[in-house]
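> no sequence on this one, just coordinates:
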């Protein structure tokens, strides 16, 4: 051991040679003190903060009362609550007798009154025009002459994503493409520089953001695969993919939707639609794979024959599905648009197996229940109204004949047929806020239709750009209801702000729509 | 009882969507709507009626509130006030 030279203890530093000599030193003894410590007095030391003085002062509110509780009460609990209240029937009866006449008089007056006809109050600033807020593009994609094939808004309504690809690629394409997202609420938004760019080896034909997780986005590829990206991840955004298996589509995927999973709240399933006639539902597996959960196949022979359909030369031909829309009131009912030009009403509860569908790990079923009267060309897009009651479920379809058909699910003939354009109509969508408004994308731009104003011509036509610029896809923003994003053939996405008459529901719009629908059905 | 009949008569009138009777504490005692909506209407309209009544009386202490009507885009809410109760009727004046 080496001892420190310590002046106080009187040691002198030993000579160097002596320091390293072997020596045994006596151990140090410490007397034990516990016996004496036991009888030692202990004193509680005070803490550093002084004693805090408290006093009862008055409360600010002098009366309190139970108001409604935020949590849902069970039915039983509320019933008990109601019964506890002592109701004095005689005084209640005399009160009602006193007021009954006055109330009935007012009710009658109201029914006959014309005082408020056409009376509308403007609570918000009226915005009369449609403005282009942003013009977004990805120059690299534009240099490769790629078109915008699909746009999607995310769950929060502040991020818009678009996919680049080619819609006129024909049957064979090895072009790579991009998925770009822009966050419109960011301060440093650069319209030429997307926040996230994902390189995809095959052309992306359709996109869909997850309905509740703002960073997940699913895309359907030209190769028939489905991929899910997480835009929050920087290294490798791919989190799930179907890969190329026996189950994958053999044709490009034209539409992808997220389906809420009834069994597992947090997991959604993916639905994909393709021109190979299959409608497939995928679930997430652990290793990043998407596995087939259930599926449907539309086969020509199994379509209910109550309209004149073109006879197919080959017997059990698959019917190419181009678009799909779920009914908002019955989650099992959906409408698909097919290449043959007609729309089909389908049900997920269908039991019959599809013909000629071997080679799939899960048996595919034939979903079609009703075929609607056809368009003159193939159907590009269908959209079910979010406002209709189950009784009169309305949907729109549009296609290459330039027409939009308004159908009720109850009858095969359309309620209204509008020739909106001489060119193709690529996309049709109902407005999420106004039951009477829908929009359709054409070769010239987006046409907004308002049944309240006119049932023959568009209320507004938004020209996407100077010159010929077909709009291939657009989406209303459900969270920020004034915005509409439209993607076109030149690779630009324009974010339009709609005027207030397209975003505010009128006083009795639902009634008008039902009236319109019933007038036409009669 | 007769109470139910009177309420039924009011409810059966053209355009009436709902009828609620609220006591002096703002607690609903009769209703034709579901519980959560009833509690919401009762609480909010009780407060509004009290405010409306105090407005009328502040302007002229000899005056008092006899009836309250709120017209909105979708329907009209009518409130008949009293010392012990409040009758709320919601009507859709569809022309």
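Good, I have the coordinates. Keep in mind the model is a prediction, meaning the values are calculated, not measured.

> Please name the nearest non-neighbouring residue to whichever residue of the stretch 51-200 of chain A sits closest to chain B.
Scanning the stretch 51-200 of chain A for the residue nearest chain B gives residue A:99, at 4.1 Å (criterion: C-beta to the nearest C-beta). To be clear about C-beta, it is placed using only N, CA and C from the backbone, and glycine gets the same treatment. Excluding its sequence neighbours, the residue lying closest to residue A:99 (C-beta to C-beta, 6 or more residues apart in numbering or on different chains) is residue B:80, at 4.1 Å.

> Now do the contacts for the residue of the stretch 251-400 of chain A found nearest chain B.
Residue nearest to chain B within the stretch 251-400 of chain A (C-beta to the nearest C-beta): residue A:387, separated by 13.9 Å. Neighbouring residues of residue A:387 by C-beta atoms under 8 Å, 6 or more residues apart in numbering or on different chains: A:328, A:430, A:435, A:510, A:513.

> again, 6 Å this time
residue A:435 (C-beta atoms under 6 Å, 6 or more residues apart in numbering or on different chains).

> And it, how close does it get to residue A:411?
Remark: distance between residue A:387 and residue A:411 (C-beta to C-beta, to the nearest Å) = 19 Å.

> Same check on residue A:27?
For residue A:27, the distance to residue A:411 - C-beta to C-beta - is 106 Å.

> quick one: which of those two has more around it?
residue A:411 (12 against 6; other C-beta atoms under 10 Å in any protein chain shown).

> where does chain B come near chain A, residue by residue?
Counting by C-beta under 6 Å from any C-beta of the partner chain, chain B comes close to chain A at B:2-3, B:6, B:13-15, B:27, B:29, B:35, B:39, B:43, B:73, B:78, B:80, B:82, B:84-85, B:87, B:89, B:91, B:93.

> Provide a PyMOL selection command restricted to the buried entries of those residues.
Buried members of the residues of chain B next to chain A, defined by 16 or more other C-beta atoms under 10 Å in any protein chain shown, are picked up in PyMOL with:
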select buried, chain B and resi 3+6+13+15+27+29+35+39+43+78+80+85+87+89+91+93
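
> Which secondary structure element is home to residue A:91?
Using DSSP states H and E, residue A:91 maps to helix A:89-112.

> what's the average pLDDT for that helix?
Throughout helix A:89-112, pLDDT has a mean value of 86.

> Distance from it to the middle of the chain?
Offset of helix A:89-112 from its chain centre (C-alpha atoms, centre = their mean, to the nearest Å): 47 Å.

> now for it, which elements pack on it?
helix B:2-11, strand B:76-81, strand B:85-91 (3 or more C-beta pairs under 6 Å, 6 or more residues apart in numbering or on different chains; DSSP states H and E).

> got JSON lines for those, with distance to residue B:55 too?
Listed next are the helices and strands packed on helix A:89-112 as JSON lines, based on distance: least, C-beta to C-beta, whole Å:
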{"stretch": "helix B:2-11", "distance to residue B:55": "26"}
{"stretch": "strand B:76-81", "distance to residue B:55": "13"}
{"stretch": "strand B:85-91", "distance to residue B:55": "16"}
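
> And the pLDDT at the residue in chain B that chain A sits nearest to?
Distances between chain B and chain A by C-beta to the nearest C-beta are smallest at residue B:80, namely 4.1 Å. Note on residue B:80: pLDDT of 92.

> Can you name the residues that contact it?
So residue B:80 contacts A:99, A:103, B:87 (C-beta under 6 Å, 6+ apart).

> ditto for residue A:303
Contacts of residue A:303 by C-beta under 6 Å, 6+ apart are A:368, A:371.

> buried stuff in stretch A:373-381?
Neighbour count says stretch A:373-381 has A:373, A:374, A:375, A:377, A:378, A:379, A:380, A:381 buried, by 16+ other C-beta under 10 Å.

> Take those residues and keep only those in helices.
Here DSSP state H is the test, and the buried residues of stretch A:373-381 give no hits in helices at all.

> I'd say residue A:382 and residue A:322 touch.
No: assessed by C-beta atoms under 6 Å, residue A:382 is found out of contact with residue A:322, at 8.7 Å.

> ok, the two, which is more surrounded?
The residue with more neighbours, out of residue A:382 and residue A:322, is residue A:382; 27 against 19, by other C-beta under 10 Å.

> okay, now the residue of the stretch 51-200 of chain A closest to chain B: neighbour count?
As a burial measure, residue A:99 scores 23 neighbours (other C-beta under 10 Å).

> Make sure residue A:293 is indeed in a strand.
Yes: counting by DSSP: H, G, I helix; E, B strand; the rest coil, residue A:293 falls inside a strand.

> Give the bridge partners for the closest residue to residue A:469 other than its chain neighbours, please.
With C-beta to C-beta, 6+ apart as the criterion, residue A:469 has its nearest non-adjacent residue at 5.0 Å, and that residue is residue A:488. With DSSP bridges as the criterion, residue A:488 is bridged to residue A:471.

> is it true that residue A:488 touches residue A:471?
Yes: judged on C-beta under 6 Å, residue A:488 makes contact with residue A:471 at a distance of 4.9 Å.

> Give me the common contacts of the two.
By C-beta under 6 Å, 6+ apart, the residues touching both residue A:488 and residue A:471 are residue A:464.

> higher neighbour count, the two?
Counted by other C-beta under 10 Å, residue A:488 and residue A:471 do not tie: residue A:471 has more neighbours, with 29 against 23.

> What is the least confident helix or strand in chain B?
Using mean pLDDT, DSSP states H and E, the weakest-scoring helix or strand in chain B turns out to be helix B:2-11, at a mean of 88.

> now it and helix A:89-112, what's the angle there?
Computed by axes from the mean of the first three to the mean of the last three C-alpha atoms, to 10 degrees, the angle separating helix B:2-11 from helix A:89-112 equals 10 degrees.

> Relative to the helix or strand just after helix B:2-11, what are the paired strands and their orientations?
Counting by DSSP H and E, the next helix or strand C-terminal to helix B:2-11 is strand B:16-23. Using DSSP bridges, strand B:16-23 pairs in its sheet with strand B:28-31 (antiparallel), strand B:85-91 (antiparallel).

> For strand B:16-23, buried residues please.
Buried residues in strand B:16-23, defined by neighbour count with 16+ other C-beta under 10 Å: B:16, B:18, B:19, B:20, B:21, B:22, B:23.

> just to revisit the earlier point, and for residue A:382 and residue A:322, which residues touch both?
Joint contacts of residue A:382 and residue A:322 (C-beta under 6 Å, 6+ apart) are residue A:337.

> same for the top helix by length along chain B, what does it pack against?
Across chain B, the helix with the greatest residue count (assigned by DSSP H) is helix B:35-59. If you count contacts as 3+ C-beta pairs under 6 Å, 6+ apart, helix B:35-59 packs onto strand B:16-23, strand B:28-31, strand B:76-81.

> Tell me how far it lies from the chain's centre.
Per C-alpha atoms, centre = their mean, the centroid offset for helix B:35-59 relative to its chain is 9 Å.

> No further queries at this time; thank you.
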